[in-house]
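Participant: sequence plus the predicted model coming up.
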Amino acid sequence: MTSRGMLLLLSLSLVACAGAPVGAEYVQRDDVSTFIGEMTERHGFDRGQLEDWFKAVRVRDDIIAAISRPAESKPWHQYRPIFLQSARIDGGLEFWREHAADLKRAEEQYGVPPQIVIAILGVETRYGRQQGNYRVLDALTTLAFDYPPRAKFFRGELEQYLLLTHEEGLDPLALKGSYAGAMGQAQFIPSSFRNYAVDFDGDGKRDLWNSPSDAIGSIANYFKVHGWEWNGLVAVPATVSGDQAPALVEAGLKPSLPWAELKKRGVDSPVTLLDQLPVALIAFQQESGPEYWLGLQNFYVITRYNRSPLYAMAVYQLSLEIRRLWEQRSVQSGGPESN
């Protein structure tokens, strides 16, 4: 055989191996077999059915690569432009126009303003247009058994996913989502789906893939349950003098220190706040150095959706731009300034 022929044969072999299912090997692993046994004993699943599902799993090395380099690892000056784009802002305005009634109903029922719900959808999936192309069972199985840093967490989400598909009458092999197993327009992980998704359109099912109404209501419900404050501030800019900033930032994202205490330690803000109001000092890395903000309860609630302060600030600033444009267009058209 010529060297060219050998190279072609090797290439075809590699392609065949890369596309071959490895779930059959997974079922033989002690950790996977133990998990299957637990699902059988704890929740009454049929062992043979579980084994068939896991035999169909494909382990995805690209999922490990993706979760190892999340966008949230970027500095703020690189992260912000990903989401604060005219197309995403205009898309938010269009979404508001199309779903104004549901957004208003969600605000009345859950106390979460439309622009926040819209911004979550804009950051997560570009208003439902990019919901992820990874098979959820592949993603969660890969991370549960081949990503040691968060294996325990994803094993729990895998359990929740199997329970979810059973409860909702869904095929666990058919659903697609993000590389981390987040699903639908709102990108709920399985435990969030089970606990916070709602049937907001009243059709008898919670469909976060195809129902913008269910996505709107589910996001608003999630925020309410996690402590969103009606008409509360989200974040305000701050400046810091002295050397207290690192220690204050290290205190974390949860507002825990009264504003009066931060003022004593060299923090100032152009926004008037009550001295007893709990706040958190947060630093965002710009090219010229740190930019400081005070995070309040509602900012902290956004971080319950995604633990990154960069994510929460991107959602907040996108929401402000969408709201500004909505009010501007409403005034120009002679209509009300809000829905």
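Facilitator: Done, it's in.

Participant: please enumerate the strands of the protein.
Facilitator: Per DSSP state E, the chain carries strands over the ranges 134-135, 176-177, 235-240, 257-258, 267-268, 278-286, 289-295.

Participant: quick one: Asp52 from Ala24, how far?
Facilitator: Note on Asp52: its distance to Ala24, by Cβ to Cβ, to the nearest Å, is 10 Å. Placement of C-beta: from N, CA and C, glycine included.

Participant: Asp203 too?
Facilitator: As judged by Cβ to Cβ, Asp203 and Ala24 stand 38 Å apart.

Participant: re earlier: closest to Gly128 out of the strands of the chain?
Facilitator: strand 176-177 (12.6 Å; Cβ to Cβ).

Participant: so how far is that closest one off the chain centroid?
Facilitator: Its chain's average C-alpha position is 13 Å from that of strand 176-177, according to Cα atoms, centre = their mean, to the nearest Å.

Participant: ok, residues contacting it?
Facilitator: Gln131, Gly132, Asn133, Tyr134, Arg135, Val136, Ala139, Met183, Gly184, Gln187 (Cβ atoms under 8 Å, 6 or more residues apart in numbering).

Participant: right, and out of the residues you listed, which lies closest to Pro148?
Facilitator: Nearest to Pro148 among the contacts of strand 176-177, with distances taken as Cβ to Cβ, is Ala139, at 16.1 Å.

Participant: ok so, going back, list only buried entries from the contacts of strand 176-177.
Facilitator: Buried by 16 or more other Cβ atoms under 10 Å: Gln131, Gly132, Tyr134, Arg135, Val136, Ala139, Met183, Gly184, Gln187, out of the contacts of strand 176-177.

Participant: phi, psi of the closest residue in space to Ala139 that isn't next to it in sequence?
Facilitator: Closest residue to Ala139 apart from its sequence neighbours, by Cβ to Cβ, 6 or more residues apart in numbering: Gly181 at 4.5 Å. With angles defined as degrees, to the nearest 10, Gly181 sits at phi 80, psi 20.

Participant: tell me how many other residues surround Gly181.
Facilitator: Neighbourhood size, Gly181 [other Cβ atoms under 10 Å]: 29.

Participant: quick check: pLDDT value at it.
Facilitator: Looking at Gly181, its pLDDT stands at 97.

Participant: so how far is Leu262 from it?
Facilitator: 38 Å.

Participant: same check, this time on Ala56
Facilitator: From Ala56 to Leu262 the distance is 54 Å (Cβ to Cβ).

Participant: neighbour count: these two, which is higher?
Facilitator: More neighbours surround Leu262 than the other of Ala56 and Leu262, with 24 against 16 (other Cβ under 10 Å).

Participant: I'm done for today, thanks for sticking with me.
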